[in-house]
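1. Kindly return the folded structure for what I paste below:
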Amino acid sequence: MMGMEERIKKHHPRIHLLLRTLKRILKKDDYYIDRVLQLGEDIDLVEISHNGTVDYGKVVYLIKENAGNEGFCATLRFMLGFLLYAEQHGFLPKIKFSKEYAYYDEDMNKKIGNPWEYYFVPSSEACDESKALNICYAKFFHMMKLKEYPWLDAYVTDNYYNKDLFHSSAPVIRKYLALKPEILQEAEDLLKEIRERGGKILGVHFRGTDFKQGFNQHPVYVDEKQTIAEIRKAMEKTEFSAVFLATDDVAACKRIRDAIKDTRILMYADVFRSDNDTSVAFSRSDRKYHHYLLGYEIARDMYTLSLCDGLVAGKSSVSYLSNLYKHSRDEEYEYMKIIDNGNNVNENSFADKFRGN
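-> Numbers count the residues shown, from 1 in each chain. Here you go, the predicted model:
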């Protein structure tokens, strides 16, 4: 027959937890109290699940998309944080995205079942998380407690020059964040002619569309006039033979091209751009593989920027990641100007906008 305590535990778990905790407090069980207080705070206090019987020699660390409202490079920043955590704890990372990923594409998913692998080379350390003897599910607080977490903020200018960040992130990028060969090849091909002639290329990233809305904690919008002025300063200080222009904004693209029309401009002709203040990441189109292609185009722009000799850009996840990828190859920009107008402080929430509130 089930006793009183067992019945409370089964039917009223919250009351049982309260009574159990009170008992431990009265007994002055400081170890228990400390461990409870550390839940969700101590990055070394992890929960290990057992999905099957296959022992991969390590704890499998399953990483999923953080949210469906993040752009490509914002997601990539968080993946870097989780991978740093896995490396520091000796875990075997497994990144597996779902339909919630902003770039999930139904047509592409018929070919590649894991949306992460649309763009990134699968890890050679393959594992099946559904059969893993030991598995830990990534939680956001894991990453938040890393000493590198403040460095992963793309909206802090100092992070673009942080040598400790470069040292920590470079081996992780090389090991786990290798882009698909076709992305690398297209980037190399676009710059090939200038490179073969010994010319230098200035990468320019202009972040338009939804940045114009001034979301809270996002960078204050950098307009075309500022960007054009900084391009001209860069051209005066360093002899660049061409400009590679990466932008999500149709109008800005035209204005910048018109302003520097005497300079050779390199661009990808097939990029989907917006003519309003809505993020391209959440756009709709009838083109086949649209959502997959949106991610592909951003990945390609980001990597191409990393191959350039100089960089002019506002604060954004794209410019931030291009800088990290460059340093992951033990390179650095000969010239770099990150335009910083500060960050917005208001009640204009990006998450609320995404939810349609």
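2. Now Lys131. Nearest residue, chain neighbours left out?
-> Gly52 (3.6 Å; C-beta to C-beta, 6 or more residues apart in numbering). Any C-beta I mention is one placed from the backbone N, CA and C, and that applies to glycine too.
3. Work out for me the element the residue nearest the centre of the chain sits within.
-> In the chain, the residue lying closest to the centroid (C-alpha atoms, centre = their mean) is Leu76, at 2.2 Å. Leu76 belongs to helix 72-88 when assigned by DSSP states H and E.
4. what do you get for Leu293?
-> helix 290-307.
5. and the helix or strand that that helix is followed by, what does it pack onto?
-> As assigned by DSSP H and E, the chain's next helix or strand after helix 290-307 is strand 310-314. Other helices and strands packing on strand 310-314, by 3 or more C-beta pairs under 8 Å, 6 or more residues apart in numbering; DSSP states H and E, are strand 201-206, helix 224-237, helix 317-328, strand 335-339.
6. With mean pLDDT, distance to Leu26 and mean neighbour count added, can I get the ones you listed in CSV?
-> Listed next are the helices and strands packed on strand 310-314 as CSV, based on pLDDT from 0 to 100; distance: least, C-beta to C-beta, whole Å; neighbours: other C-beta atoms under 10 Å:
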stretch, mean pLDDT, distance to Leu26, mean neighbour count
strand 201-206, 97, 60, 26
helix 224-237, 96, 64, 16
helix 317-328, 98, 50, 24
strand 335-339, 98, 56, 19
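7. Which one, of these, ends up nearest to Leu62?
-> Leu62 lies closest to helix 317-328 among those, at 22.8 Å (C-beta to C-beta).
8. separation between Arg255 and Asp301?
-> Using C-beta to C-beta, to the nearest Å, we find Arg255 at a distance of 18 Å from Asp301.
9. For these two, indicate the residue with more neighbours.
-> Each of Arg255 and Asp301 has its neighbours counted (other C-beta atoms under 10 Å); Asp301 has more, 25 against 17.
10. Next, count neighbours for the nearest residue to that one once chain neighbours are set aside.
-> Excluding the flanking residues, the one nearest Asp301 by C-beta to C-beta, 6+ apart is Ala246, at 3.9 Å. Residues lying near Ala246 (other C-beta under 10 Å) number 26.
11. mind listing the helices for the chain?
-> 4-11, 13-26, 30-38, 72-88, 106-109, 140-144, 163-176, 181-196, 224-237, 250-259, 290-307, 317-328, 350-354 (DSSP state H).
12. Which of these has the lowest mean pLDDT?
-> Per-stretch mean pLDDT for these is lowest at helix 350-354 (a mean of 58).
13. per-residue confidence for the residue lying closest to Arg197 once chain neighbours are set aside?
-> Distance criterion C-beta to C-beta, 6+ apart; nearest residue to Arg197, sequence neighbours excluded, is Ser241 at 7.2 Å. pLDDT for Ser241: 97.
14. just checking, Ser241 touches Gly199?
-> Yes - here Ser241 reaches Gly199: they are 3.0 Å apart, a contact under C-beta atoms under 8 Å.
15. can you pull the contacts of His291?
-> Ala102, Tyr103, Tyr104, Asp105, Met108 (C-beta atoms under 8 Å, 6 or more residues apart in numbering).
16. so which of the helices of the chain gets nearest Lys337?
-> Lys337 lies closest to helix 224-237 among the helices of the chain, at 5.2 Å (C-beta to C-beta).
17. what helices or strands is that closest one leaning on?
-> Short answer (3+ C-beta pairs under 8 Å, 6+ apart): helix 224-237 packs on strand 201-206, helix 250-259, strand 310-314, strand 335-339.
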